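1. quick one, fold the following:
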Amino acid sequence: MPGNRGGARGKVWVLHPDRCSPALRDLLGLSETLPSTTIEDRFSDRAEDWQIAVAADKYRILTPVLLTPPGSPERANAIRELAAQPMHQVGGKWLPVAERTLYDWLSAAEGNLSGLMPSGRSDRGQARVMMTRLWDAAIDLADGAKAEIAARITREAQSMAANDGTSDREIIRLCGLRLEKYCVSAG
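-> Model (predicted):
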């Protein structure tokens, strides 16, 4: 699979042992069976699909390390080999992964697997900013009216940028005037 950087003209080819045929694994000296990478049922916390996918990718990357005995020179060598690879696919993106990061993932994989998951948003379930924090706090309108005004201003700003070729500065000025007008008319 092509990666994003390194090598001639920025391309890197990555071999995924878990996707190789048994004959190729024999040629490479890899074991016939690899540990399962289905880890969804091992999470104790509530998680979203993208978080589980990232954790599964991290676990898949660590699979060759988990096959080695803990504290052995083989394990340290496997970590170094993984860190030497220029790119790993994590959560749909090709990223370089440092040796220290692999050790952190390994300690999470051997303990509570929720450590492999990226953290979720800290403001999950809370209302987000519609226009600006100042406007959201200062305008005493119902949430539905605020959302309607914010959506209308957004549509108009996008229309001005796409159709008229209006400059950003002029769009901001015009939207400020229209925002004031819509707020006054809404009460």
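2. now Leu82. Nearest residue, chain neighbours left out?
-> Nearest non-adjacent residue to Leu82, counting by C-beta to C-beta, 6 or more residues apart in numbering: Leu102, 5.6 Å away. Just so you know, the C-beta spots here come from the backbone N, C-alpha and C atoms, and that holds for glycine as well.
3. in this structure that neighbour contacts Val65, no?
-> Yes - applying C-beta atoms under 8 Å as the test, Leu102 and Val65 come out as touching, 7.3 Å apart.
4. so how many other residues sit close to the residue nearest to Leu82?
-> 20 (other C-beta atoms under 10 Å).
5. still on that earlier bit, which neighbours do Leu102 and Val65 have in common?
-> Ile79, Leu82 (C-beta atoms under 8 Å, 6 or more residues apart in numbering).
6. so Ser185 is in which element?
-> Using DSSP states H and E, Ser185 falls within helix 168-186.
7. buried ones in that helix?
-> Going by neighbour count (16 or more other C-beta atoms under 10 Å), the buried part of helix 168-186 is Ile171, Leu174, Cys175, Leu179, Tyr182, Cys183.
8. can you name every helix or strand that that helix contacts?
-> helix 143-159 (3 or more C-beta pairs under 8 Å, 6 or more residues apart in numbering; DSSP states H and E).
9. and the spatially most central residue of the chain, how far from Gly120?
-> What sits nearest the mean C-alpha location of the chain, by C-alpha atoms, centre = their mean, is Gly91, with 5.7 Å. Going from Gly91 to Gly120 by C-beta to C-beta, to the nearest Å gives 13 Å.
10. quick one: buried residues of the host helix or strand of the residue nearest to Leu82?
-> Secondary structure assignment for Leu102, by DSSP H and E: helix 99-110. Neighbour counts over helix 99-110 (16+ other C-beta under 10 Å) mark Leu102, Trp105, Leu106, Ala108, Ala109 as buried.
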